[in-house]
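Engineer: Pasted the sequence and its predicted model underneath.
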Amino acid sequence: MFYAMWLEGQLLWNMPLLACLICLAAIYVYVTASYTNIKFYQKQPLLYFLSLGIMYLTFGSPFETISHLSFSLHMLQMSILYFIISPLFVLGIPDALIQSLREHSLTKRVSKYVLPSKAALYAFGAMFLMYHFPIVLTSLAQTSIVHNGYLFVLLLLSFRMWQPITVPDPKKEHSHEQNKRYLFLSGLVIMPACLLFIITAFIGGMNNPLLSELTANLCISPSQLSQLSSLDILPSTFNTRLDQMFAGILMLGMHKFGVVLTVRLGRKTKSGAVAGGVD
């Protein structure tokens with residue numbers, strides 16, 4: 001199939017990323033074995049290793065290249081990172097380590113400069129929305145370092161915005177209604193970025209700069225890409241309104257799935273504690 005030939009040489013597994021994730025796993029094993037009594041077959045270690053595995057399959061496998069082919073695939077990739085991997089990663093850290101970090105003097109000094117969870121949620125929502133503006137996405141896609149740096153900042157903010165669910169502060173007790181309001185607020189903050197895709201699709205759609213970057217690396221001109229698409233050699237999801245509309249709906253669904261999954265896993269791994277501690 002010509003489609004497979006077109007991407008031949010691009011569908012590679014990312015070995016440097018695998019090495020980094022193995023280092024993270026090794027550090028986790030050492031620290032957990034040295035400072036806690038937790039067994040590695042228990043839920044928290046399994047969630048941690050699961051998050052690393054999903055990370056590699058999402059960003060280290062050929063899916064990383066394939067995700068550039070359409071908005072829906074790329075937004076699926078981002079949704080997995082910020083709504084699935086991020087909370088699983090933090091849920092996998094043993095409670096004893098988290099409590100030790102909170103009581104450490106350095107952590108207390110640094111925490112003064114860390115955004116509260118609600119502020120991080122608003123910042124994430126604003127940056128997530130800006131990322132989907134065509135002019136911003138096009139500018140970021142031109143430089144991989146800047147693009148990856150932007151996504152990394154979003155990842156750091158996502159860790160903080162999930163904190164009330166993944167790492168509730170025992171010193172801050174909040175009612176179930178307050179926690180429900182926070183979860184509802186998180187959905188509202190994410191919604192504008194999703195609606196932007198849907199509205200843009202109705203207006204007329206926009207080009208996919210990530211696909212343009214990929215075709216540039218493959219030395220394929222836009223005219224050649226159009227010719228290939230017209231011959232039905234490439235998938236029909238390229239730059240279509242339906243693709244963008246589905247991308248917006250997909251993000252909404254993935255966020256909802258992430259919330260439900262994180263709340264349920266958080267209650268189980270935290271010994272039945274209700275997710276709370278909203279700043």
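Structural biologist: All right, it came through fine.
Engineer: The stretch 51-200 of the chain: helices as residue ranges?
Structural biologist: 63-66, 71-80, 86-91, 95-103, 105-111, 117-131, 134-141, 144-161, 163-166, 176-203 (DSSP state H, counting those that start in this stretch).
Engineer: which stretch in those helices has the least confidence?
Structural biologist: Lowest mean pLDDT within those: helix 105-111, at a mean of 73.
Engineer: Now do the phi/psi pair for residue 115.
Structural biologist: Here the main-chain torsion angles of residue 115 (degrees, to the nearest 10) amount to phi -60, psi 140.
Engineer: For it, which non-adjacent residue is closest in space?
Structural biologist: residue 160 (6.1 Å; CB to CB, 6 or more residues apart in numbering). Backbone N, C-alpha and C define where each C-beta goes, glycine included.
Engineer: How many residues are close by the one you found?
Structural biologist: By other CB atoms under 10 Å, the residues close to residue 160 number 22.
Engineer: Distance check, it against residue 166.
Structural biologist: Distance from residue 160 to residue 166, counting by CB to CB, to the nearest Å: 10 Å.
Engineer: Same question for residue 26.
Structural biologist: Residue 26 is 23 Å from residue 166, by CB to CB.
Engineer: Repeat that for residue 266.
Structural biologist: For residue 266, the distance to residue 166 equals 6 Å [CB to CB].
Engineer: Spit out the residues that contact residue 160 and residue 166 alike.
Structural biologist: Common neighbours of residue 160 and residue 166 are not found (criterion: CB atoms under 8 Å, 6 or more residues apart in numbering).
Engineer: quick one: residue 37 and residue 196, what's the gap?
Structural biologist: Relative to residue 196, and taking CB to CB, residue 37 is found at 48 Å.
Engineer: who has more neighbours, those two?
Structural biologist: residue 196 (19 against 8).
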